[in-house]
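Visitor: Sequence first, predicted model second:
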Amino acid sequence: MATPTRLIAALSALAAVALIAGCASTPGADAPTDAPSTSPSAGSDDDFDDVEGALLDDGRMFAVVTWGSSTCVPQVDEVSADGQTVSVELVDADADADAACTADMVQRASVGALPEGVDPTKEITLQVTYGDVSDDVDLDGDPSLSGTPGSSTEYTPSAGWIGDGSLVLLTWGSSSCAPVVEGVEGAGATGTATFVTDDTQVCTMDMAPRATIIAFGDDAVDDDAFTLTLVGGGLDGTVEVRG
């Protein structure tokens, strides 16, 4: 078993803490997401224990998706690898004693770095533990991924499917000014996510990973080959969704 590792040193220095209204978190090596702007609904109470995952950042990083309060997002604590099996421990971020988590139930994405030696072009099993919940997430390898776990990121947006027409979008920027989705539309092999642009907002000068869940619906889009266009919020561009 490889020695537990957190996010790579370069990322650790950049991804301090996402500042989320109602539930502040402490700086850590791995960064939780902002509150999801769009999220599918669960079919039953049993679905709330389901854990999903995706590869991001050209195979350098992963996202783990859990259900819970949108304002209290768990963060990746410990990550270790034994071959292509990656153990991931999620913990609740330390909360302000005077703050309370909202009572909503949505999907939240927590991001972490794959340990060195893991090959993202081959199948990976994430063994996720979050409190009393344990689940395995099988991720298909993608031969087109050229990033090497442990190497420096290029700070470009990336996205991965988590099933049922939903994806995790990873962007980079200020931890205190996470992207806010204004609207989404999509059909077939293309979709558009429009983000709120607020030029009056004062943002911290760090460069952190921000993960946003975007849902198009079960049958709305083709998840075999899909291009997502980003509009507004300083994120204008296109992203090929993997997975």
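Guide: Ah, there it is.
Visitor: On the three-state scheme, D58 is what?
Guide: Secondary structure, DSSP: H, G, I helix; E, B strand; the rest coil: D58 is helix.
Visitor: wait, isn't it in contact with S146?
Guide: Yes - here D58 reaches S146: they are 5.8 Å apart, a contact under CB atoms under 8 Å. Any C-beta I mention is one placed from the backbone N, CA and C, and that applies to glycine too.
Visitor: just checking, what packs against the helix or strand hosting P209?
Guide: Per DSSP states H and E, P209 falls inside strand 208-215. Applying 3 or more CB pairs under 8 Å, 6 or more residues apart in numbering; DSSP states H and E, we find strand 208-215 packed against strand 61-68, strand 106-113, strand 166-173, strand 181-187.
Visitor: which neighbours does it have in its sheet, and in what orientation?
Guide: Sheet pairing for strand 208-215, assigned by DSSP bridges, gives strand 166-173 (antiparallel).
Visitor: Give me the contact list for the strand it pairs with.
Guide: Applying CB atoms under 8 Å, 6 or more residues apart in numbering, the contact partners of strand 166-173 are 39-40, 54, 56-57, 61, 63, 65, 107, 109, 111, 153, 155-162, 179, 193, 203, 207-216, 228, 230, 234-235, 239, 241, 243.
Visitor: can you list the weak-confidence ranges in the protein?
Guide: The chain contains residues with pLDDT under 70 at 1-47, 94-99.
Visitor: can you pull out the strands in it?
Guide: 52-56, 61-68, 75-82, 85-91, 106-113, 124-130, 133-139, 158-163, 166-173, 181-187, 190-195, 208-215, 226-231, 237-242 (DSSP state E).
Visitor: So what angle separates the directions of the third one and strand 106-113?
Guide: Right, the one you point to is strand 75-82. 50 degrees (axes from the mean of the first three to the mean of the last three CA atoms, to 10 degrees).
Visitor: What residues of strand 75-82 count as buried?
Guide: For strand 75-82, a neighbour-count test (16 or more other CB atoms under 10 Å) marks Q75, V76, D77, E78, V79, S80, A81 as buried.
Visitor: Cool, thanks, signing off.
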